[in-house]
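Q: dropping the sequence and predicted coords here.
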Amino acid sequence: MATPRATIPLKYQPQRYYCTDTVNSDCQKGFISAAGLNHHYNALHKHHTTRPSHHHQHPWQPTGQHEGSGDDNIEPQGAYYVKHPPGTPVDLNGDDLPEGASSPKPNTSSKRAWHPFESRAHFELADFIFHQNEMPGAQIDELMHIWASMPGQAGTPPYANHEHLYSTIDAISEGDAPWTSFSMESVEAGGSGGPSWKHSVFGEKGQCVWSDLMTGNWAWNQCNELSKDPDNHGAIFVPIIWVYYPLYISAGNVHNGMRHAHGEAVSLLGFLSIPKTDKEFEADPEFCTFQRHLFHTSLETIFHAMHPAMTKPQSVKCADGHYCRAIYGLGPYNADYPEQALLACIVQGWCPKCTAHQTHLDHDPNAILCNHEYTQLLMDSFASHVLWQKYGIVDDILPFTTSFPCENIHELIAPDILHQIIKGIFKDHLVSWAETYLKKHYKNDFAAVLADIDCHGFKQWTGNDSKALMKVYLPAIAGYVPNEMLQALSAFMDFCYIVHQSSLGEADLEALDKALQCFETHCSIFEAEGIHSDGISIPQMHALQHYHEAIELFGAPNGLSTSIVESKHIHAVKRPYQQSNKNEEMAQVLLVNHLFSGLLDKPLIPQDNVHEDTSFQDDPYLQEAEDDDSERVDAVVQLHINHMGQDIGHPELPDLQRNPGVDVPDICKCPKAIDPGYSFSSAVATFYAPSDLSGANGMHCQCIHASPSWRNGAPCYDCVFVEKDPTLPGFQGLYVAQVLLFFSFHYQNVHYPCALVQWFTPIGNEPCNNTGMWKVEHEYDEYGDHLVTHLIGIYGDEYIPPDLHYSDSLAAFGSFYVNKYSDYHAFGLAF
């Protein structure tokens, strides 16, 4: 018989309590009761802390003022960083404000508070329908019809139809600049003939640390160059990071964590035209030339408005409310290799940053970094076919950056982790080469071997698919491929995970160079096996040689990767396209983006209903976490300790409770807790680990499950790292355990939160030579029973049974790899 549902209140209950967490200010979730608010706070915000400071701040000192007797000139001790000089506050005319003067306020309008909306409720309804729910126009019309037919509405809904709603939002005066367009055509397009396309910080003492863009040498070099003009003194430098395609931009002054938060730190700038033609003209040299000129001319036109502000400062309003003089500059550029070649005006297969020859990219001793002057000199000296074949240069065009001051596109091309490393090298080459080897050596059993390694069989790979395979690929192919191939893959993955760090010091760059050297050395196995017998000369692999210098110039690549714009692309392009009627969809996509700019990025708290009591009581019985799909688990159960142990198959739990890991002669002398305890099916671990998954402060939450039945299915008992000795490096200072139970009890008015775990012991004193990962096995007591991160079973000679369920994996294998590649935080712990 079905369980009867709880009584549902029939009376409307307004939200009266709102989350005002000081750290997570964007979370302003509303609740109808204080209990719901406390539950939410304990589950998600209880352990949040502010972003820890990695380095002490050392005041900026202008050139020539590093000596003196003041405190600011004392050599800092330990780790520290040096900030760029702050901009001088100015008035609306750009003149410096006197010291201590308040910031001027622009002229304000005398319009009513919620103009152009009738009321606050009208604004919130528009924000909910259009921004949060993204309701199509036809459904908005239907909602208004239903609203008008409700008793008491007198046939008048808040908005007449979706056009009325759109026009009201469009009337908002605040927001982004309006969208504009421009058109181009070939200068030879006159007449009716011809093809159709013609008519359409610093770390420890003496060590440098690179993190955000402004910590890189490029930003300092630009500031030094701009400071030669006295008119620029007191201005702030604002580099523009740009990503293609479509064209996205982000201010380089923004911390990398803000871009990871997928907020408004990244903006859609424009859509570039992609010319099309008949199939017979696709390879026509004249059409290809037109494509290149259209691309560069479009970019030059788009950035032309910024050109005056690249030499003379402009007054802008900053986030702190002050006006400052700002001078702009084109910063690093991120794109896939084909777009890099198009932007650098080079032939496909050549390097967009240096002069290394196409046939031996990684072994050209004469290679130097490219610049516009070098390219122009070659164009003046050689014919087009010589430039194409010998130097990889496309004649008759220079990059559009030649018309901008202090800009060299060959230097600005930045590392792209997603397309260069994850897709360009791992998926497109290393995985493909390994499969070629398997097909060559396991001719009859190739399908079975491939299924044993990867049972997904992806038809169309995404970035997430590639990342997921990277985490488990090494243990999966171990035993099927030569050890040297494993070592090459392990070195490559070390390189990949190092560049994913949010900050890199000189020691990290040394480790990066070592991993790259190891990877290039062991890649010879692919030549020896005949997979790439003619030598390896691939632009994406060659680009790894430029990462060291690029990190010193632009900071950590993790803050510049094209993966950051993937979330923005969904909201700016994919969802607006889905809302359109697919007829002249570009205009509708632009309209949606324009309307979004006037609406809210977070909920609006009713000022007259804010819960004044912002103090939260730490309730130890509310330790469960919200899962990714926002479903909750009934996690808190009150039981006696004896019953807890029997329920999970460990009747010795009461003795372990009385003597948790302490050797005593007689356990009977240990105290016994009389009060009942509380068991929990999950707990929350919150830690600082800047990544794509983290918020602006770099804090990340993970839910640790210890559930006998996860979603009415198989049990879920997660594995964890437990700190053993913080003075030991990496995995040597950690334990590995599987959590079997979270519980707590009180004894003499003291609360004891506990966990029952099953321990794993390391196999050997160092990681595996081939995979670079530690091995562990179950720990046994003298009776052979189990004692109470991500582990991957060490496979034997037999295929894995196809009916083996993942929940049984820890019982099916005798030993395991400690997977340091499960995420970037684990990589920094389990080395």
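A: Good, I have the coordinates.

Q: can we go C-alpha only for contacts and neighbour counts from here?
A: Noted.

Q: phi, psi for residue 747 please.
A: phi -140, psi 120 (degrees, to the nearest 10).

Q: can you verify residue 411 is assigned to a strand?
A: No. Assessed with DSSP: H, G, I helix; E, B strand; the rest coil, residue 411 is helix; it does not lie in a strand.

Q: what about the residue lying closest to it once chain neighbours are set aside, neighbour count?
A: Closest residue in space to residue 411, ignoring its immediate chain neighbours: residue 353 at 6.6 Å, by CA to CA, 6 or more residues apart in numbering. Residues lying near residue 353 (other CA atoms under 10 Å) number 23.

Q: against residue 295, how distant is residue 353?
A: Noted for residue 353: a distance of 19 Å to residue 295, by CA to CA, to the nearest Å.

Q: help me confirm that the residue nearest to residue 411 comes into contact with residue 372.
A: No. Counting by CA atoms under 8 Å, residue 372 is not a contact partner of residue 353; they are 11.2 Å apart.

Q: can you get me the start-to-end distance on stretch 419-433?
A: Rule used - CA to CA; the end-to-end distance of stretch 419-433 is 18 Å.

Q: report the mean confidence score over it.
A: Across stretch 419-433, pLDDT averages out at 88.

Q: please apply the same query to stretch 296-305.
A: Rounded mean pLDDT across stretch 296-305 is 89.

Q: now the one helix or strand residue 301 maps to: how far from the chain's centre is it?
A: Element membership for residue 301 (DSSP states H and E) is helix 285-303. The chain centre lies 31 Å from the centre of helix 285-303; the measure is CA atoms, centre = their mean, to the nearest Å.

Q: same check on stretch 255-266?
A: The chain centre lies 9 Å from the centre of stretch 255-266; the measure is CA atoms, centre = their mean.

Q: average pLDDT for that stretch?
A: 75.

Q: before we move on, what about stretch 317-324?
A: On average, stretch 317-324 scores 79.

Q: stretch 148-156 too?
A: On average, stretch 148-156 scores 81.

Q: got the CA positions of that stretch in PDB?
A: What follows is stretch 148-156, C-alpha atoms only, in PDB (Å, rounded to 0.1, in the frame of the first residue of the first chain):
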ATOM      1  CA  ALA A 148      -6.600  37.400 -17.400                       C
ATOM      2  CA  SER A 149      -9.300  34.700 -16.900                       C
ATOM      3  CA  MET A 150      -8.500  34.400 -13.200                       C
ATOM      4  CA  PRO A 151     -11.300  35.800 -10.800                       C
ATOM      5  CA  GLY A 152     -10.500  39.300  -9.700                       C
ATOM      6  CA  GLN A 153      -8.200  40.200 -12.600                       C
ATOM      7  CA  ALA A 154     -10.900  42.000 -14.600                       C
ATOM      8  CA  GLY A 155      -9.400  40.600 -17.800                       C
ATOM      9  CA  THR A 156      -6.200  42.600 -17.400                       C
END
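
Q: picking that back up, now do the contacts for the residue nearest to residue 411.
A: 369-370, 410-411, 413 (CA atoms under 8 Å, 6 or more residues apart in numbering).

Q: what residues does stretch 479-495 touch?
A: 430, 434, 437-438, 470, 474, 478, 512, 515-516, 518-523, 525-526, 769-772, 797, 821.
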